[in-house]
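Trainee: here's a sequence, model it:
(2 chains)
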Amino acid sequence: NAGVTQTPKFQVLKTGQSMTLQCAQDMNHNSMYWYRQDPGMGLRLIYYSASEGTTDKGEVPNGYNVSRLNKREFSLRLESAAPSQTSVYFCASSERLDTQYFGPGTRLTVL
Amino acid sequence: GESVGLHLPTLSVQEGDNSIINCAYSNSASDYFIWYKQESGKGPQFIIDIRSNMDKRQGQRVTVLLNKTVKHLSLQIAATQPGDSAVYFCAERGGTSYGKLTFGQGTILTVHP
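Mentor: This is a model prediction of the structure:
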């Protein structure tokens, strides 16, 4: 039981490049989330998926898109990366409104 | 918007001491609160949670206290150990925000041997 896994662990992009961050959970949770964590800013919600087939914007959705591929997987896409998107990205999952469990994070640098 | 904040950004204690980490919240409709621990280079790890119909909840070496009157939350760690050194976040869920948590900025706890 791996919990929440994320790939890649590290990524460096140039401004304007695109990439997709992958997240998978094996806890059969209905809800999944994407956060970014910046120094002094805590965790901020980018997008979430309350259940398979639904996605909604969080606090900071601009510049991102998401896909809930199936119940296990929730991906985050940066279509045209900007330096302001340099951050650590965390995926989380939960059984409806209960505790969210986090993955190990993806450290993204945009040059 | 509503936010959750911490009074103390850093806390240093000696091994064996008790630690208290505080958190203020502003959304009176919040019905669920969680404390997370985050070690360097890792994702947040669940420690303990409490619902708004409770004032206190205890776990292994940890206790969370909730004072809804003053919108204050605290995490008490008994007999703090070097392995407890980490950043601690409180998070709250507003009563109408489906599953969405609002996180505080975090408190850095350093435990000296």
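Trainee: how about the residue in chain A positioned nearest to chain B: what's its closest non-neighbour residue?
Mentor: Taking C-beta to the nearest C-beta as the measure, chain A has A:Phe102 as its residue closest to chain B, at 3.7 Å. (C-beta placed from N, C-alpha, C; glycine too.) Using C-beta to C-beta, 6 or more residues apart in numbering or on different chains and skipping residues adjacent in sequence, the residue nearest A:Phe102 is B:Gly43, 3.7 Å away.
Trainee: quick one: residues contacting residue 70.
Mentor: Looking at chain A here, since you left the chain open. Listed by C-beta atoms under 8 Å, 6 or more residues apart in numbering or on different chains, the contact partners of A:Asn70 are A:Glu52.
Trainee: if we can go back for a sec, A:Tyr89 is in contact with the residue of chain A closest to chain B, correct?
Mentor: No: applying C-beta atoms under 8 Å as the test, A:Phe102 and A:Tyr89 come out as separate, 10.8 Å apart.
Trainee: what's the per-residue pLDDT of the residue nearest to A:Phe102 here?
Mentor: At B:Gly43 the predicted local confidence, pLDDT, stands at 94.
Trainee: with A:Asn1 instead?
Mentor: Model confidence at A:Asn1, expressed as pLDDT, equals 67.
Trainee: what of B:Arg93?
Mentor: Model confidence at B:Arg93 (pLDDT) stands at 87.
Trainee: what's the answer for B:Leu6, then?
Mentor: pLDDT, B:Leu6: 43.
Trainee: do the same with the one 10 residues further on
Mentor: For B:Gly16, the pLDDT comes out at 96.
Trainee: correct me if wrong: it contacts B:Thr80.
Mentor: Yes: under the criterion of C-beta under 8 Å, B:Gly16 is in contact with B:Thr80, at a separation of 6.9 Å.
Trainee: neighbour count: those two, which is higher?
Mentor: Taking B:Gly16 and B:Thr80 together and counting by other C-beta atoms under 10 Å in any protein chain shown, B:Thr80 has the greater number of neighbours (22 against 11).
Trainee: pretty sure the more buried one is in a strand, no?
Mentor: No: membership of B:Thr80 in a strand is not supported by DSSP: H, G, I helix; E, B strand; the rest coil, which gives coil.
Trainee: quick check: it vs chain A, distance?
Mentor: In this structure, B:Thr80 and chain A are 23 Å apart, going by C-beta to the nearest C-beta, to the nearest Å.
Trainee: I figured that residue hits B:Ile21, correct?
Mentor: No: under the criterion of C-beta under 8 Å, B:Thr80 makes no contact with B:Ile21, lying 10.6 Å away.
Trainee: shared neighbours of those two, anything?
Mentor: Between them, B:Thr80 and B:Ile21 share the neighbouring residues B:Leu109, with contact defined by C-beta under 8 Å, 6+ apart.
Trainee: what sits against the residue nearest in space to the middle of chain A?
Mentor: What sits nearest the mean C-alpha location of chain A, by C-alpha atoms, centre = their mean, is A:Trp34, with 3.1 Å. Shown in contact with A:Trp34 (C-beta under 8 Å, 6+ apart): A:21, A:23, A:45-48, A:58, A:64, A:66, A:74, A:76, A:89-92.
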